[in-house]
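Enquirer: predicted model and sequence below, questions to follow.
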Amino acid sequence: MNVFALLILLHAVVVVNGKNSTCTPLQPNSCWQNPGAHVVGTFATISVQECCSKCDANAKCIAWTLNFAENNGTCFLKDGMEITPHPGNCTSAGTILPPPPPPPLPPAIKGAKNVLFIAVDDLRPELGAYGSHVPTPNLDAFSKTALTFENAYVQYSFCCPSRNSFMTGRRPSTTKVWNFIDNFREVGQNWISMPEWFKVNGYFTHGLGKLFHPQSPPNYDPPSWSDPKHVTDGNGQVPVTPNQTINMMHTRMLAQETSKGSSGGGPCITGERGGSYCELPEGESGPDDELMQNAVESVYILGNFSKSSGHPFFLGVGFHKPHIPWTIPTRFFQPLPSINDTILPLHERPPVGMPPIAWNKGLGRHALDSYADANEFPLHSFENGSWVAFPHNQTKAMRRGYYAAVSYVDYLIGEVLNALESTGLADNTVVAFMGDHGYNLGELNLWCKMTVFESGVHVPLMIRVPWYASLKGQRTSSLAEAVDLFPTLVELATPANAPEYCEGNSLAPIFKTGNTSLRVKEGAYSEFVKCFSCCRVPDNSPCLPGGAAGRCNVTNTSDLHEMGNCFHVPREEIDFIGYSVRDSQYRYTEWLHFNGTILHGDFNRMVGRELYNHSGDIGGNHNWDEFENVNIAEQPGNAELVAHYHALLMKGFPTQ
């Protein structure tokens, strides 16, 4: 038998009515009896190709069997397949029809522009453009072409609730997502997300990396994204569809970095494998390199597609760094001061007069307790009002690791922005860049995110709109929120008005008027929930209420600092919630008992409140703990001020 005949036998490929149809790998000496199927046609033949072709031509045929022994050769066409074959003088197979073409994209809105949205995990405004010493040349250059928002705030200070919020234009109090086990589709099955709005309005939408939090919604929310088969310009499909490879890549990357047994390459130049930071030896690639390469490729492919099809694109890219661990190539450590010369936080103690619920041990250590270099130290103790910080050399080393990760992600973003310039479409594209929440690096003796203090919710936000040239390189102190992004991008990239269901305020009027002093909102709102510490079983997995260990019964308010952050607690079981509002002068926060029936804080059952004076705070980068060191909510003479901010808080979190 020649090679050509052998290939036909093993995998028959035929053309019927001008369409390619592929038979599954043939099973010789196999008579499929298909007890659950029906015969939809028979004919005499001894040709495998003809039997396959007839099945392909019959709309009801899914599988076929060519029985050489029956009537000198009979082909049976069937409407079902059976997994277990039966031996005999037969050849059996199924047909794989080519997938139907995707439905055409909806007509694009006339005058619509492209959108490139870059989200960065765990990034506070630690950039040169905000006054930081950290080398970020690419974002510094980008700021000179964009409008920089100095006072931008997220609605929640860890990933899952924050992303469910800004990707839908709705606040956490509406999405009802305060943990890692819920998602917005549970309460708004038919809600239209930000990328989905662009999709139904004629955009090709594509996402890479961490945009939605993994599995919240499941599979990165397929309704938000276009079918990659729309891209047929000869340059291949856009890489890494959001609901397939990237989810696995994100999970794999986290597992490799957080494993204490992780290996590869030589020892760290500074830090350690399995520690919170590792200065990777020369030649080792960074953890987000593959994502950056896919993003660059997507920019080129979508640019060509947009030019040839006339459809604009929405491309979202979510970088994981500077999320811990800071496993970063050495070239991003080298420009930084040494560990010994790295500056410590200005204030390493919690605010004076702070209610215990506002800051706690579990809160600070959660993201560090799996790292070898950090978990050996007790972060603090509130016994008798005392507190304990990390040793200074540990604090300096971890801060340096974070700074290197920021420089690293700046490099990655620069590659994506350079690719956009190379397509010739930069002048036709809105580019928005934002952190998903803030970060604490030992300020107030806090680490990681998960607070409503300034360092936990303050984020960088830059938006470039080339057709509003007067704002190129400008800055604004106007308050902005992450929830504003959806309506803002709609009104900047298209002539349409923002959807009414968006709960944020469009920032587009600042661009359209050219007035960087324009005030678009009274306050920026954030929230955070607390649960009595969720006990942990020996494998360190969290216990849900009613589990083997149950929940810790902490009832004394002096122990509220020991509370957990409800990562794996059903929302109906949440114990407390903190509502916070920030304006140009103050931050005000109330901690309330949570009503699990209506899923809202009870303003009649307050646990504590905070008021911090931000007079003189010009936004941008500063000493992160400069303005929130003394809680003045209970000081004599501030009752009227507290009443004012209580009323402002109620506007943002109205009772149901």
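Expert: That came through fine.

Enquirer: where in the stretch 351-500 of the chain is pLDDT low?
Expert: Low-confidence segments of the stretch 351-500 of the chain (pLDDT under 70): 360-370, 378-386.

Enquirer: mind redoing it with 50?
Expert: Within the stretch 351-500 of the chain, the stretches with pLDDT under 50 are 362-366, 381-383.

Enquirer: can you check the stretch 201-350 of the chain too?
Expert: Using pLDDT under 50, the flagged stretches of the stretch 201-350 of the chain are 230-237, 240-256, 258-263.

Enquirer: now the helices for it?
Expert: For the stretch 201-350 of the chain, applying DSSP state H, counting those that start in this stretch gives helices covering 245-258, 289-309.

Enquirer: show residues contacting the strand or helix carrying Glu640.
Expert: Element membership for Glu640, per DSSP states H and E: helix 639-652. Applying C-beta atoms under 8 Å, 6 or more residues apart in numbering, the contact partners of helix 639-652 are 522-523, 525, 579-581, 583, 586, 588, 590, 603, 609, 611, 633. (Glycine included, C-beta is placed from N, CA and C.)

Enquirer: surely Ser165 is within a helix?
Expert: Yes - checked against DSSP: H, G, I helix; E, B strand; the rest coil, Ser165 lies within a helix.

Enquirer: for burial, what's the neighbour tally of it?
Expert: Number of residues near Ser165 (other C-beta atoms under 10 Å) recorded here: 29.

Enquirer: the one 4 residues further on too?
Expert: Using other C-beta under 10 Å, Gly169 is surrounded by 28 other residues.

Enquirer: show me what contacts it?
Expert: Met194, Val483, Leu485, Phe486, Pro487, Pro499, Tyr501, Cys502, Glu503, Gly504.

Enquirer: how far is the strand ranked longest in the chain from where the chain is centred?
Expert: Looking across the chain with DSSP state E, the single longest strand is strand 600-613. Centroid separation for strand 600-613 versus its chain: 29 Å, with C-alpha atoms, centre = their mean, to the nearest Å.

Enquirer: what is that strand packed up against?
Expert: Where contact means 3 or more C-beta pairs under 8 Å, 6 or more residues apart in numbering; DSSP states H and E, strand 600-613 is packed against strand 576-582, strand 586-595, helix 639-652.

Enquirer: quick check: buried residues in that strand?
Expert: Within strand 600-613, the residues scored as buried using 16 or more other C-beta atoms under 10 Å are His600, Gly601, Val607, Gly608, Arg609, Glu610, Leu611, Tyr612, Asn613.

Enquirer: and for stretch 327-346?
Expert: Buried, per 16+ other C-beta under 10 Å, within stretch 327-346: Thr327, Ile328, Pro329, Thr330, Phe332, Phe333, Leu336, Ile339, Thr342, Pro345.

Enquirer: for stretch 624-632, same thing?
Expert: So for stretch 624-632, counting by 16+ other C-beta under 10 Å, buried means Trp624, Asp625, Phe627, Glu628, Asn629, Asn631, Ile632.

Enquirer: and these, which is closest to Pro356?
Expert: Asn631 (11.6 Å; C-beta to C-beta).

Enquirer: can you count the residues close to the residue nearest to that closest one when sequence neighbours are not counted?
Expert: Spatial nearest neighbour of Asn631, excluding adjacent residues (C-beta to C-beta, 6 or more residues apart in numbering): Gly353 at 3.8 Å. Using other C-beta under 10 Å, Gly353 has 15 other residues around it.

Enquirer: check contacts around Gly353.
Expert: Here Gly353 is in contact with Val630, Asn631, Ile632, Ala633, Glu634 (C-beta under 8 Å, 6+ apart).

Enquirer: any idea how many residues pack against the last one?
Expert: By other C-beta under 10 Å, the residues close to Glu634 number 14.

Enquirer: which SS class is it?
Expert: From three-state DSSP, the assignment for Glu634 is coil.

Enquirer: let the chain start at 59 from now.
Expert: Noted, 59 is the first residue going forward, which turns the last one into Glu692.

Enquirer: could you check how far it is from Pro165?
Expert: Glu692 sits 59 Å away from Pro165, going by C-beta to C-beta, to the nearest Å.

Enquirer: show me where the stretch 159-308 of the chain has its strands.
Expert: 172-178, 205-211, 262-267 (DSSP state E, counting those that start in this stretch).

Enquirer: what comes into contact with the second one?
Expert: By C-beta under 8 Å, 6+ apart, the residues outside strand 205-211 that reach it are 187-188, 492, 515-523, 529, 532-540, 565, 568-569, 574, 582-584, 640, 642, 676-678.

Enquirer: just list what the longest helix seen in the chain packs against, helices and strands only.
Expert: The residue-count maximum for a helix in the chain (DSSP state H) belongs to helix 450-481. If you count contacts as 3+ C-beta pairs under 8 Å, 6+ apart, helix 450-481 packs onto strand 172-178, helix 195-201, strand 335-338, helix 347-367, strand 371-377, strand 384-387, strand 487-493, strand 498-499.

Enquirer: gap between the two ends of stretch 565-583?
Expert: Terminal residues of stretch 565-583 lie 16 Å apart, using C-alpha to C-alpha, to the nearest Å.

Enquirer: likewise stretch 557-572?
Expert: For stretch 557-572, the end-to-end distance is 23 Å (C-alpha to C-alpha).

Enquirer: same check on stretch 95-107?
Expert: Criterion C-alpha to C-alpha; first-to-last residue distance in stretch 95-107 is 22 Å.

Enquirer: for it, which positions count as buried?
Expert: Buried-residue list, stretch 95-107, by 16+ other C-beta under 10 Å: Ala95, Val98, Gly99, Thr103, Val106.

Enquirer: can you select the buried ones among the contacts of strand 205-211 for me in PyMOL?
Expert: Buried residues among the contacts of strand 205-211 (16+ other C-beta under 10 Å), as a PyMOL selection:
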select buried, resi 187+188+492+515+516+517+518+519+520+521+522+523+529+532+533+534+535+536+537+538+539+540+565+568+569+574+582+583+584+640+642+677+678
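
Enquirer: now intersect the contacts of strand 205-211 with the helices, please.
Expert: Using DSSP H, those in helices are Val515, Ile568, Phe569.
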